[in-house]
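S.K.: model this:
(chains A and B)
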Amino acid sequence: MPIPVRIPTPLRRFTGDHAEVSVEAAELSSLLDRLFEQYPGLRSQLLNEDGTLRTFVNLYVNDEDIRFLDGLKTAVAEGDSVSIVPAIAGGTR
Amino acid sequence: MPPERSVIRFEGALLEDIAREASSAYPFEGCGALLGERGHARVMLPLPNTEKDRPRVRFEVSPQDYLRVEREAEGRGLLLLGFWHSHPDHPASPSATDLSCAWVGLLTVIVSVQKGRARDIGAWEIRAPELPFEPVEIECPLFAGEVVTTLSREGEA
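M.R.: This next block holds a predicted model:
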């Protein structure tokens, strides 16, 4: 079953302005592979060159940060949703 | 030829709302989201600064708050334009940290708060990940107060 993936505002320029796309997968890593096949510009926004998740990006499966699940090996199934959440931070120093 | 400068228009008393929130957060950094249409900010949503270690010099928006803000924007038929945060006792110009955290497509709006009072505001954008900040001109035709001056400073990015 397709898993809905929420695309945040600053990354919608890579998805033709779609706020949500659907991808068939049983694991987060394969979900991302399929997502990048459809929207190649997303890869460098989400992953480092070694395939690890970039510091400035959070991935959530439902309401859980994947860093507290099984990372990119987290299983996904019908009824789950994935959210890409950009880290918003900054400051004087 | 230099690229054309972007302009962000602020609806009504929005800048005063931001100034008030930024002042009330002092001596810590305050932050919030800006919703509107392209080039026109209509709504400001104050957000908690979830930076735990150094909230006087850093701010952070939680992922939960980020998702809530996007859903609220969609519910109102608006776009998420960007985020503002304050620089307590520092100028309203972006730091190296601000630049490293900036996203293409989201405005970085900075309020200088001096001794608890908002004094200045600036808006900035990056047009590609490796490029420096470009100043964005702030337009607020209804703003007549003295708390905030809207300045677009050349050469301070």
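S.K.: center of chain A, which residue is that?
M.R.: The centre of chain A sits closest to A:Ile84, judged by C-alpha atoms, centre = their mean, with a distance of 4.2 Å.
S.K.: Adjacent strands (with direction) for the helix or strand in which that one is found?
M.R.: Applying DSSP states H and E as the criterion places A:Ile84 in strand A:82-86. Listed by DSSP bridges, the sheet partners of strand A:82-86 and their directions read strand A:2-6 (parallel), strand A:57-61 (antiparallel).
S.K.: Pull the residues that contact it.
M.R.: Among residues not part of strand A:82-86, those counted as contacts by C-beta atoms under 8 Å, 6 or more residues apart in numbering or on different chains are A:3-8, A:10-11, A:28, A:31, A:46, A:56-61, A:76, B:63, B:66-67, B:103, B:106. C-beta: built from backbone N, CA, C; applies to glycine.
S.K.: Show me where chain A has its strands.
M.R.: A:2-6, A:20-24, A:57-61, A:64-65, A:82-86, A:88-90 (DSSP state E).
S.K.: before we move on, the earlier item: orientation of the strand holding A:Ile84 relative to strand A:20-24 in degrees?
M.R.: Angle between the axes of strand A:82-86 and strand A:20-24 is 130 degrees (criterion: axes from the mean of the first three to the mean of the last three C-alpha atoms, to 10 degrees).
S.K.: What parts of chain B come near chain A?
M.R.: Residues of chain B found near chain A (C-beta under 8 Å from any C-beta of the partner chain) are B:29, B:51, B:54, B:56-61, B:63-64, B:66-67, B:70, B:73-74, B:79-80, B:83, B:85, B:87-88, B:90, B:94-95, B:97-98, B:101-106, B:108.
S.K.: how about a cut-off of 6 Å?
M.R.: B:29, B:57-61, B:63, B:66, B:80, B:83, B:85, B:87, B:90, B:95, B:97-98, B:101, B:103, B:105-106 (C-beta under 6 Å from any C-beta of the partner chain).
S.K.: quick one on the thing from earlier: ok, now how distant is the residue nearest to the centre of chain A from A:Ser22?
M.R.: Remark: distance between A:Ile84 and A:Ser22 (C-beta to C-beta, to the nearest Å) = 14 Å.
S.K.: next one: A:Pro2
M.R.: When A:Pro2 is compared with A:Ser22 (using C-beta to C-beta), they lie 4 Å apart.
S.K.: again with A:Phe14
M.R.: Note on A:Phe14: its distance to A:Ser22, by C-beta to C-beta, is 16 Å.
S.K.: And the two? Which one has more around it.
M.R.: A:Phe14 (20 against 14; other C-beta atoms under 10 Å in any protein chain shown).
S.K.: Look up how far A:Arg43 lies from the more buried one.
M.R.: 9 Å.
S.K.: Tell me, how many residues neighbour the residue lying closest to A:Gly51 once chain neighbours are set aside?
M.R.: Closest residue in space to A:Gly51, ignoring its immediate chain neighbours: A:Leu72 at 7.8 Å, by C-beta to C-beta, 6 or more residues apart in numbering or on different chains. Applying other C-beta under 10 Å, we find 17 other residues in the vicinity of A:Leu72.
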